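Asks: Need a 3D model of the following:
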Amino acid sequence: MPNSKWDFTKMEEADLQAAFYMQELFNVLYLNQGLQPLIDKARDIFNRPLLVHDTSFKILASSYDINQVVSISEDETGSRYLHEDLIRFIRENNIIRRIRKKGASDYIEKQKPLNGTLSAIIRINSIEAAQIAIHESGRPFTKTDFLLIDQFSKLLSLELQKDNQFGSEKDLIPSYILSDALEGRAIDEKAALRKLHYLKWVQEQEFSIMFITNRELKALDSKIPIVMQALKIFVPLNHCMIHHSNIVAFLDGSLLSQLSGKKKAEFEEFLAANNLCAGISLKFNQLLDCRKYYEQAVKATELAHQQNTSALLFEECGLFIVSELIRTHYELVDLCHPAVLTLFDYDKKNGSDLLVSLKNYLYFTNDPGKAAKILNIHKNTLFYRINKIKDIAGISLDNAEEICRIYLSIRFLEINGRL
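Replies: So this is what the prediction gives:
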């Protein structure tokens, strides 16, 4: 009797059909003819329009009939991109987030019946490199389609690597120009600027440095080309360079504003989904000062890792750094305000959350209603708790010195995992 793992008599028809189609697709892959022949073959198998685009929504390959179902724009170089209306739909409906959350392909339903899209993320070395989208085009997807797209996306990953779609980028800043500055070695700033004259960002008055590495704080190494391709949706490649097998980006005011503002959540999701970590320095205006701000970016990255977040601005790191410095000489608990320790013990003994209530009350000093909302209690209940806290801890909360010491004590306990 055949091994059940390979007993095709026990496989469902959809599984058999998917296996047969994958063999046909592998046959095309072995011909080494590139991505387009694979997509042409997939068009025949799925019998629907389809395309592959990278993380910047640039179309890498598509079926001959994709224009019938998708609006496409073209730039001055002839590169094709998804139309901005479609990109807006993808972002507003959190399509990529849905696929990430599901961990496999997902069916994106549209208002018009049988007009949805079956999409999957294509990863190279665990980094999101591209996405495949197959359009329903009036015919309902079958079980075979759902089985096949997940397998096909892995095959496309092989082709994208083999076809060097994600090789090194000529637009990167040549590392020899700024490596000396990042290492703190003397450079002729005017000479460096002359070499960088072709880069628009050097015309800016202020920059920040962003450092990107993997979540474990190990060098990106072979992942760099794939990360670069994925990163360019947020930062132009001519702002980036490779340094010690990681990525360093120079952010002008506009880029910094986006990454710390309206694109902050999307950027942090991108980093988390790709197991990356980033830190961003304070602003500076002299290339000779690169070393100082590069170290700030690296430190912010390390602290982001410690705090289990994807990205931190150095300007957000003050308390974390002060906490580290204190711990080298003292026990943090010994420097905490006595009232905080009293409330900590009281909460532990009684199963209450007075310390958390106090923290939110102090944080939203001018808006107790917001503090109450976060705590999911009525505002009058919050005031009752604060009065109780004052009695238990013997504090008044009527002067800045006391409030500052109490709040810092609470934050130090949080930062060090004691609260």
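
Asks: Show the contacting residues for residue 296.
Replies: The contact partners of residue 296, by Cβ atoms under 8 Å, 6 or more residues apart in numbering, come to 209, 279, 281-282, 314. C-beta here means a position set from N, CA and C on the backbone, and glycine is covered the same way.

Asks: Mind listing what's buried along the helix or strand that contains it?
Replies: Per DSSP states H and E: residue 296 is located in helix 290-306. For helix 290-306, a neighbour-count test (16 or more other Cβ atoms under 10 Å) marks 290, 293-305 as buried.

Asks: do the same with stretch 230-248
Replies: 230-243, 246-248.

Asks: ok so, going back, among the contacts of residue 296, which one lies nearest to residue 76?
Replies: Nearest to residue 76, judged by Cβ to Cβ, of the contacts of residue 296 is residue 209 at 30.7 Å.

Asks: For that closest one, grab the count of nearby residues.
Replies: Number of residues near residue 209 (other Cβ atoms under 10 Å) recorded here: 28.

Asks: I figured it was touching residue 252, is that so?
Replies: No - when contacts are counted by Cβ atoms under 8 Å, residue 209 is not listed as touching residue 252 (11.5 Å).

Asks: hmm, which of the contacts of residue 296 are the buried ones?
Replies: 209, 279, 281, 314.

Asks: can you give me the strands in the stretch 51-200 of the chain?
Replies: 59-62, 72-74, 80-82, 106-108, 117-124, 127-135 (DSSP state E, counting those that start in this stretch).

Asks: Highest mean neighbour count out of those?
Replies: A comparison of the strands of the stretch 51-200 of the chain by mean neighbour count, using mean count of other Cβ atoms under 10 Å, puts strand 127-135 on top with a mean of 24.

Asks: any idea how far residue 211 is from residue 225?
Replies: Distance from residue 225 to residue 211, counting by Cβ to Cβ, to the nearest Å: 18 Å.

Asks: avg pLDDT for the one helix or strand residue 346 maps to?
Replies: Residue 346 is located in helix 338-350, with elements delineated by DSSP H and E. In this model, helix 338-350 has a mean pLDDT of 94.

Asks: By neighbour count, which bits of it are buried? Give me those.
Replies: 339-344, 346-347.

Asks: do the same with stretch 45-57
Replies: In stretch 45-57, counting by 16+ other Cβ under 10 Å, buried: 45-46, 48-57.

Asks: ok, now stretch 209-229?
Replies: For stretch 209-229, by 16+ other Cβ under 10 Å, it's 209-214, 220, 223-229.

Asks: Then stretch 90-107?
Replies: Neighbour counts over stretch 90-107 (16+ other Cβ under 10 Å) mark 90, 95-96, 99-100, 105-107 as buried.

Asks: hey, C-alpha coordinates of it in CSV?
Replies: The C-alpha trace of stretch 90-107 is given here as CSV (Å, rounded to 0.1, in the frame of the first residue of the first chain):
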residue,chain,number,x,y,z
ILE,A,90,-5.8,49.6,-1.4
ARG,A,91,-4.6,51.9,1.4
GLU,A,92,-8.0,53.1,2.6
ASN,A,93,-9.3,49.5,2.9
ASN,A,94,-6.1,48.2,4.5
ILE,A,95,-5.8,45.5,1.9
ILE,A,96,-2.1,44.7,2.7
ARG,A,97,-2.8,44.6,6.4
ARG,A,98,-5.6,42.1,5.8
ILE,A,99,-3.4,39.8,3.8
ARG,A,100,-0.6,40.1,6.4
LYS,A,101,-3.1,39.3,9.2
LYS,A,102,-4.4,36.3,7.4
GLY,A,103,-0.9,35.0,6.7
ALA,A,104,-2.0,33.7,3.2
SER,A,105,-4.0,35.0,0.2
ASP,A,106,-7.2,36.9,0.8
TYR,A,107,-10.2,37.6,-1.3
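
Asks: Any idea how far that stretch is from the middle of the chain?
Replies: Between the centre of stretch 90-107 and the centre of its chain there are 14 Å (Cα atoms, centre = their mean, to the nearest Å).

Asks: Now do that stretch: everything it contacts.
Replies: With contact meaning Cβ under 8 Å, 6+ apart, stretch 90-107 is reached by 57, 82, 89, 108, 116-121, 131, 141, 146, 149-150, 153, 266, 269, 273.

Asks: Can you say which two of the buried residues of stretch 209-229 are spatially most distant?
Replies: Based on Cβ to Cβ, the longest span within these runs between 209 and 226 and measures 22.0 Å.

Asks: care to break the chain down by domain?
Replies: Domains of the chain are assigned by automatic domain parsing as 4-162, 175-316, 326-415.

Asks: Could you tell me the end-to-end distance of the last one?
Replies: Think domain 326-415. 12 Å (Cα to Cα, to the nearest Å).

Asks: Same check on stretch 68-88?
Replies: 19 Å.

Asks: try stretch 206-217
Replies: Counting by Cα to Cα, the length from the leading to the trailing residue of stretch 206-217 is 27 Å.

Asks: can you give me how far it is from the chain middle?
Replies: Distance, centroid of stretch 206-217 to centroid of chain: 12 Å (Cα atoms, centre = their mean).
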